[in-house]
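Asker: okay, structure incoming, though there's no sequence with it:
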């Protein structure tokens, strides 16, 4: 906790003194998150080979000060004994980092992007992920997996998981039906996640012209043009280079993203 707090204070100080660009601040906050996850996994010492994969803004190294760490936990093993060992380790990691109360929280970790969300186990096996991706993966999950980034743990487990991600994201078609699904999910997100009573015009994360608008635009074009990147600003550059966006469009989106961040 002392390391996380002192490093965060150092990042805040550099930010206030305008010593670094906003993107560098986001990258530094993500580095703190990565280190906390690696330290927690090391401290827990799982009895099965396990890896932690960053998702969301952590995956893109685009954290802000209030961001949670979105993660997936994956292990290699079969049978009830391995599953129980993995779940025990995952629960211990969450208990260590999230704390029993806000007062003893080190950093906030969230695994709600895992298969079946909060209904499913915290950790799933490589075999279970392969089965889920083959049978049930939805378009929004393919979109979310664009930001998957290995963070800590067993190198082979992480490599095998990223191979599953590659197949899940890029192995199927992406056409009019998938574009419609993403647009429907975007509308649902705006409808359900902006708190009641808040003006959508001024919700910088989810409202009109917000961070989410830039991110979803970039990710939709990524899937259409098969652009591999987990970082929004990098994605905009790659989309421009590929002709999916004009230089002017990419510049406007990048400027808006930096300003809103």
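Answerer: Yep, it's here. On a predicted model such as this, the values are computed, not experimentally measured, just so you know.
Asker: shouldn't residue 94 be in contact with residue 123?
Answerer: No - using C-beta atoms under 8 Å, residue 94 makes no contact with residue 123, being 10.2 Å away. C-beta coordinates here come from the backbone N, C-alpha and C atoms, glycine included.
Asker: more neighbours: which of the two?
Answerer: The residue with more neighbours, out of residue 94 and residue 123, is residue 123; 28 against 19, by other C-beta atoms under 10 Å.
Asker: beta partners of that one?
Answerer: residue 73 (DSSP bridges).
Asker: all strands of the stretch 101-250 of the chain, in order?
Answerer: With DSSP state E, counting those that start in this stretch, the ranges of strands along the stretch 101-250 of the chain come out as 109-110, 123-125, 149-153.
Asker: check contacts around the closest residue to residue 237 other than its chain neighbours.
Answerer: Ranked by C-beta to C-beta, 6 or more residues apart in numbering and with sequence neighbours excluded, the top spatial neighbour of residue 237 is residue 250, at 6.7 Å. Listed by C-beta atoms under 8 Å, 6 or more residues apart in numbering, the contact set of residue 250 reads 236, 237, 239, 240.
Asker: returning to what we had before: out of the strands of the stretch 101-250 of the chain, deepest packed?
Answerer: strand 123-125 (a mean of 25; mean count of other C-beta atoms under 10 Å).
Asker: what helices or strands is that one leaning on?
Answerer: Helices and strands touching strand 123-125, as assessed by 3 or more C-beta pairs under 8 Å, 6 or more residues apart in numbering; DSSP states H and E, comprise strand 69-75, helix 79-98.
Asker: want to throw these into JSON lines with distance to residue 9 and mean pLDDT?
Answerer: Output for those, formatted as JSON lines (distance: least, C-beta to C-beta, whole Å; pLDDT from 0 to 100):
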{"stretch": "strand 69-75", "distance to residue 9": "18", "mean pLDDT": "98"}
{"stretch": "helix 79-98", "distance to residue 9": "19", "mean pLDDT": "97"}
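Asker: isn't residue 44 up against residue 94?
Answerer: No - judged on C-beta under 8 Å, residue 44 makes no contact with residue 94 at a distance of 9.9 Å.
Asker: any chance of TSV for the strands of the stretch 101-250 of the chain, columns distance to residue 141 and mean pLDDT?
Answerer: Putting the strands of the stretch 101-250 of the chain into TSV (distance: least, C-beta to C-beta, whole Å; pLDDT from 0 to 100) gives the following:
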stretch	distance to residue 141	mean pLDDT
strand 109-110	16	96
strand 123-125	13	97
strand 149-153	16	98
